[in-house]
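Asks: Model the structure of this input:
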Amino acid sequence: MWFPVSAALTVLSLLQGARVDASDAPPSVIMAVVDDLGWNDVGWHDEFHQIKTPKLDQLVREESILLTNYYVYRFCSPSRSTFMTGRYPWHIGQQTQMNLNPTPGIACGINLKYDFLPKVLKQKGYATWALGKWHLGFLTTQFTPTYRGFDHYLGYYSGAEEHFTHEKAGIGITKYDLSNNTGTSIAPCLNAVGNASATYSSYLYGNETLRLLDAHDASVPVFIYLAWNNVHSPCEAPDNYLVPNMEINNTARRNLAGMMAALDDQLTAVIDGFKTKGMWDNTFFIFTTDNGGNLGGSGINYPLRGGKYTFWQGGCRGNSFVAGGLIPQHMRGTQWGGAAHAADWYTTIAALAGASVEASGPLPVDGVELFEAITSNATSPRTEIVLQIVTNSTNNHFDSAMTQADCDANPGDAALCDAPNEPPTRYVVDPLPPRPFPALTTCDAQDATQQWDVNASYAGSICSTTTGLCFNVQQSHSNLILFAASSPEPNTVFGFSIGPDHKLTCALRSSCVLAQQKGEQLQLAQDASDCAKLSAEADSWTYASATKQIQHTASGETLCVTAVPAPPAPPSPVGLQTGVLIQGQYKLIMGYPGWGNPEWDQWPLPPSMAASAPQQDSHPHTAAGEKYCADTPCLFDIFADPTEHNDIHDKYPDVVAKMSKRVLELAQGEVTLKDSGLCPTPIGSRSDPRSKAAAILSGFWEPWLPPINLTTSH
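Replies: So this is what the prediction gives:
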């Protein structure tokens, strides 16, 4: 039988296990993600006295540090992929309007060459549990939670589901989406479906967390990714949470208030479990949303502008606080206004655990470590927040799998069937200029392009004797280029050497160089495991000092590295579609930040209020009917004007010029959807009919494809 967590606590033997001293072990971490939580949808922000979260309010007031300058992406999957990888969405192909097509049956998922956070924490002996929403891909078992570092998972794979029956509609059918996975065992959760009166999602995930906690050895640190279904639509809650909110006239808003009241009980019950178990004193607790409140699902972000799907503050300024025994006593009940982004949790949690994030994926992490700054009320080490970079490159094209039938069956996702047309801005993204590069060729001791000085300029450089250009790699790419050591490319690294193990490595990227076919640009390995597989016998790099050649031997054949001239420039640059950047008090928006619905560009009040007060906005360059920020950038002082009423771009042209230049520089490092490997099968982002066939057979949405060969995937 299933109970509300508050009742379940009475039957759990949480007194087992001794209190763990914080000095004895790395801290446990609870990351509670509340789905589609609006700025005004919590008791500590609600100006209309509709949302009743007394237990969380007390936790914020007495034990927490409230983050007031914290940002997430505008919708679900990109934020969650950032939580798990520590990379900006535009570095992993999640910057388009696709939102990983939240209907089931999409053969897409986050590139397997990125180590998810639980895998990083396993280095330090953590137990790892995931509960609730996944929305990061499940086309093969490799993309599911327990294959990406979690020991145990109870939850649903898609972007949303029905809270009681755990059904999800897609591809013309409705099936269950609830899995109960441990290790390599991937199985549907059969005993928690079909009985709609007893399996409300928050009860399920709260009960399972406490069950796992009851059996857990308190001396072992645990990472819990508790991704609640609340408060994503459909807005549903048990009757005992709806009755106290009957004064709210609007049904959907009343239901959302009930969902938050249920969450207030379930989440704090988990915290109470940690306290009873003696683990809270050595626990770091994170509360975060994945995006702003869904204005189409009764979420409210007032007084902030806009909501989910937009880059207005209501869509991406997130509710967040931290708590737990690691918070210094004098900091409890305070606020921290330092700049913070969703990517920072990856780096911060790993640092608390003493785990390395080096070589955790093809690109370096975008997150910064924030624990010391937050807990000492110091300045944030983060100098900017990049909310969006997307160009109109054809490599960002996707085929939406969301049909009108899917949107009708899933009203919470209906906006994806009405995505706005976002033409590129007038700004052109200059492509990275072509550079000469190293490649393998037939050895010729007389060929000057094959002659190299190792560590000639300074330690860690390999430079051509004829041109002086050195091995170099741009951080947003894995391809090697040649550039002057005295004036390296922006965002690049040096640090190349041939070690005693006969591997050619880049120390600053913790990676090795992989040989390619003759004439092809040498590449850095995107995964540390690729380097570990190399052996000196099968793949060997040596430096012949007599001829100054770098030789590579494999399968009995020896080739030498040559300097290849820069290829021709690409025929046409791409246009910036949208760029959103925050630096200090200023927020620059280049391109339309909304989602087409004019009301979502405003400041909506709760639907239960008698009337919406008119809101005046000042965009001096935007005529009626034009899209905001599309032709001329918008600039807001979000410290003095957090509600974005006054566009001040005309008052500070120097700030606009400086920040616009930075956005266009960042756009050069965009990893397009195609290049990211997000959709690694020939079917792309479309619905895969094989998924439908598998779901009809089992009754559940489950992985449907055989494992992908990583050596041939992106």
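Asks: Quick one: the helices in the stretch 401-550 of the chain, in order.
Replies: 404-409, 528-532 (DSSP state H, counting those that start in this stretch).
Asks: now do the stretch 51-200 of the chain
Replies: Counting by DSSP H, counting those that start in this stretch, one finds helices in the stretch 51-200 of the chain at the ranges 54-63, 76-85, 117-122.
Asks: Regarding the residue lying closest to residue 313 once chain neighbours are set aside, which helix or strand does it belong to?
Replies: In space, and not counting its chain neighbours, residue 313 is closest to residue 304: 4.3 Å by Cβ to Cβ, 6 or more residues apart in numbering. (C-beta placed from N, C-alpha, C; glycine too.) Using DSSP states H and E, residue 304 maps to neither a helix nor a strand.
Asks: surely residue 304 meets residue 39?
Replies: Yes. Residue 304 is within contact range of residue 39, at 5.0 Å (criterion: Cβ atoms under 8 Å).
Asks: tell me, what's touching those two both at once?
Replies: 292, 314, 317 (Cβ atoms under 8 Å, 6 or more residues apart in numbering).
Asks: looking at those, which has the most residues close by?
Replies: residue 292 (34 neighbours; other Cβ atoms under 10 Å).
Asks: Tell me which residue is most central in the chain.
Replies: residue 82 (1.4 Å; Cα atoms, centre = their mean).
Asks: for the spatially closest residue to it that is not a sequence neighbour, what are its contacts?
Replies: Excluding the flanking residues, the one nearest residue 82 by Cβ to Cβ, 6+ apart is residue 342, at 4.5 Å. Residue 342 makes contact with 71, 72, 73, 79, 82, 83, 288, 318 under the criterion Cβ under 8 Å, 6+ apart.
Asks: Serialize those to a markdown table and add fields for pLDDT and distance to residue 676.
Replies: Formatted as a markdown table, those follow (pLDDT from 0 to 100; distance: Cβ to Cβ, whole Å):
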| residue | pLDDT | distance to residue 676 |
| --- | --- | --- |
| 71 | 98 | 21 |
| 72 | 98 | 19 |
| 73 | 98 | 15 |
| 79 | 98 | 16 |
| 82 | 98 | 13 |
| 83 | 98 | 17 |
| 288 | 98 | 24 |
| 318 | 98 | 24 |
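Asks: between the residues you listed, which is closest to residue 338?
Replies: For the contacts of residue 342, the residue nearest residue 338 by Cβ to Cβ is residue 71; the value is 11.7 Å.
Asks: For the closest one, the count of nearby residues, please.
Replies: Neighbour count for residue 71, taken as other Cβ under 10 Å: 26.
Asks: Same question for residue 336.
Replies: Neighbours around residue 336, by other Cβ under 10 Å: 23.
Asks: do the same with residue 666
Replies: 21.
Asks: And for residue 381?
Replies: The tally of other residues near residue 381 (other Cβ under 10 Å) stands at 13.
Asks: Just list the residues touching it, thanks.
Replies: Neighbouring residues of residue 381 by Cβ under 8 Å, 6+ apart: 368, 369, 370, 373.
Asks: switch the cut-off to 7 Å
Replies: Taking Cβ atoms under 7 Å, 6 or more residues apart in numbering as the criterion, residue 381 is in contact with 368, 373.
Asks: quick one: it is in a helix?
Replies: No. Looking at residue 381 with DSSP: H, G, I helix; E, B strand; the rest coil, it is coil, so not inside a helix.
Asks: quick one: it from residue 166, how far?
Replies: Computed as Cβ to Cβ, to the nearest Å, the residue 381 to residue 166 distance reads 42 Å.
Asks: Then residue 70?
Replies: As judged by Cβ to Cβ, residue 70 and residue 166 stand 31 Å apart.
Asks: Going by distance to residue 573, which of the contacts of residue 342 wins?
Replies: Nearest to residue 573 among the contacts of residue 342, counting by Cβ to Cβ, is residue 73 at 25.8 Å.
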